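**Q** how does the following fold in three dimensions:
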Amino acid sequence: MKVAIYSPYLDTFGGGERYICTIAETLSFDHHVDLLLDKHLTKIGSDYLKSNLSQRFNLNLDKVNIVDSPIGKDSSFFSRAFFLKKYDFLFYLTDGSIFYPTAGKNILHIQSPIEGQPAQSVWGKIKLKKWDLIIYNSKFTKNHSLKNWPLFSKVIYPPVDTESIKPLKKKKYILSVGRFFGYLKDKKHEILIKVFEKLKQNKKSLGWSLHLAGAAQKGDEGYLKELKNRAKDLEVKFYPNLGYEELVKLYGFSSVYWHGAGFGEQEPTKMEHFGISVAEAMTGGSVPVVVDKGGLTEIVDDGINGFLWNDLRDFESKTLELLSNKSLWNKMSIEAIKKASNFSKENFEKNIRNLIKTI
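**A** Numbering: from 1, shown residues only. From the prediction side, this is the model:
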């Protein structure tokens, strides 16, 4: 079969791109797979994209073809329609926009609750009707999108690298992974530092340190500097743009994992839509203490494989309970590893292959 895969934001190397490129890798071993480039992506270059996508996501894309195509912004309706007609399947990571697809089977992937309803206009209804299925990354995303995207759908959780990430000799590390995004500040790093500062006033936290890892792009330097100044008298270490191999080690060494994205937010779009770094940390045996919102509640079972918190006092007390109760930590760490195995890449690949067979 011939499969086409398209994301307009391949060059952002985000979670959606990881998801869609893992589909490309999975299907490339048995089918002809083309990763489509629009005008913007063509300018960046196929060799650069393929190399970086492979390295950043630890994928084997050798059998995936990178193809310049008449798709995306300012593309011709007729050129696109004729081009896509040769494919048996099309996977499209939508940014909220859709087009009239002409492949044999057409599948949308939605990563986050998207506002706007394509079925509100006549042309929107016609376009939407041509899509066969939506795959979501979590029940949370699905539940907050159904009204706007009235189409048959199913949830396929993102793949977690359970092969590479393993528990190592544990250290008194509290870890949090998330981009140092200076514009949105959506990973709530300042909140994590504030709680850690409070935590250090308790003797139970003796010897513990906070480790913050994540991507930092141009424009994020000011925010990163601000965070470092805020934490200058604390045992906090920063890892901007840490390589994947080093991140895997950090997951293995860490004992507790923090995640605050979504705290204080009411809009679903500002909450964690799944939380792959939480599942990765659990794979390494780290026990999560994460905010009780968004897709995180599908990963963490409160009191069994980690803790969910609603306010900062709750956050602090549940962390202290873990730091001071080795027996509880051991029990939860074992359960965290078990739960994370549900999100393995092997399960993801199986779900994608079954999807191709049954749709």
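**Q** helices and strands of the protein: which one bottoms out on pLDDT?
**A** Here the helix or strand of the chain ranked lowest by mean pLDDT, DSSP states H and E is helix 122-129, holding a mean of 82.
**Q** surely residue 318 is in contact with residue 289?
**A** Yes - at 5.5 Å, residue 318 counts as touching residue 289 under the criterion of CB atoms under 8 Å. Glycine gets a C-beta too; all of them are placed from N, C-alpha and C.
**Q** please spell out which residues along stretch 129-139 are buried.
**A** Residues of stretch 129-139 classed as buried: 131-138 (neighbour count, 16 or more other CB atoms under 10 Å).
**Q** taking those together, which two end up most distant?
**A** 132 and 138 (20.7 Å; CB to CB).
**Q** can you add pLDDT and give the buried residues of stretch 129-139 back as a markdown table?
**A** Listed next are those as a markdown table, based on pLDDT from 0 to 100:
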| residue | pLDDT |
| --- | --- |
| 131 | 95 |
| 132 | 96 |
| 133 | 95 |
| 134 | 96 |
| 135 | 97 |
| 136 | 97 |
| 137 | 97 |
| 138 | 97 |
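**Q** re earlier: for the helix or strand just after the least confident helix or strand of the chain, give me every contacting residue.
**A** Moving toward the C-terminus from helix 122-129, the next helix or strand (DSSP states H and E) is strand 133-136. Applying CB atoms under 8 Å, 6 or more residues apart in numbering, the contact partners of strand 133-136 are 105, 107-110, 142, 145, 149, 151-156, 355, 359.
**Q** re the thing from before, neighbour count for residue 318 and residue 289, which is higher?
**A** Remark: of residue 318 and residue 289, residue 289 carries more neighbours, 27 against 19, as counted by other CB atoms under 10 Å.
**Q** pretty sure that one sits against residue 309.
**A** Yes - with contact defined as CB under 8 Å, residue 289 counts as touching residue 309 (6.5 Å).
**Q** between these two, which contacts overlap?
**A** In contact with both residue 289 and residue 309: 315, 318, using CB under 8 Å, 6+ apart.
**Q** helices along the stretch 1-150 of the chain, start to end?
**A** 15-28, 39-44, 46-57, 77-84, 122-129, 139-143 (DSSP state H, counting those that start in this stretch).
**Q** now render those helices as JSON lines, adding distance to residue 238.
**A** As requested, the helices of the stretch 1-150 of the chain are exported to JSON lines (distance: least, CB to CB, whole Å):
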{"stretch": "helix 15-28", "distance to residue 238": "21"}
{"stretch": "helix 39-44", "distance to residue 238": "29"}
{"stretch": "helix 46-57", "distance to residue 238": "20"}
{"stretch": "helix 77-84", "distance to residue 238": "44"}
{"stretch": "helix 122-129", "distance to residue 238": "44"}
{"stretch": "helix 139-143", "distance to residue 238": "29"}
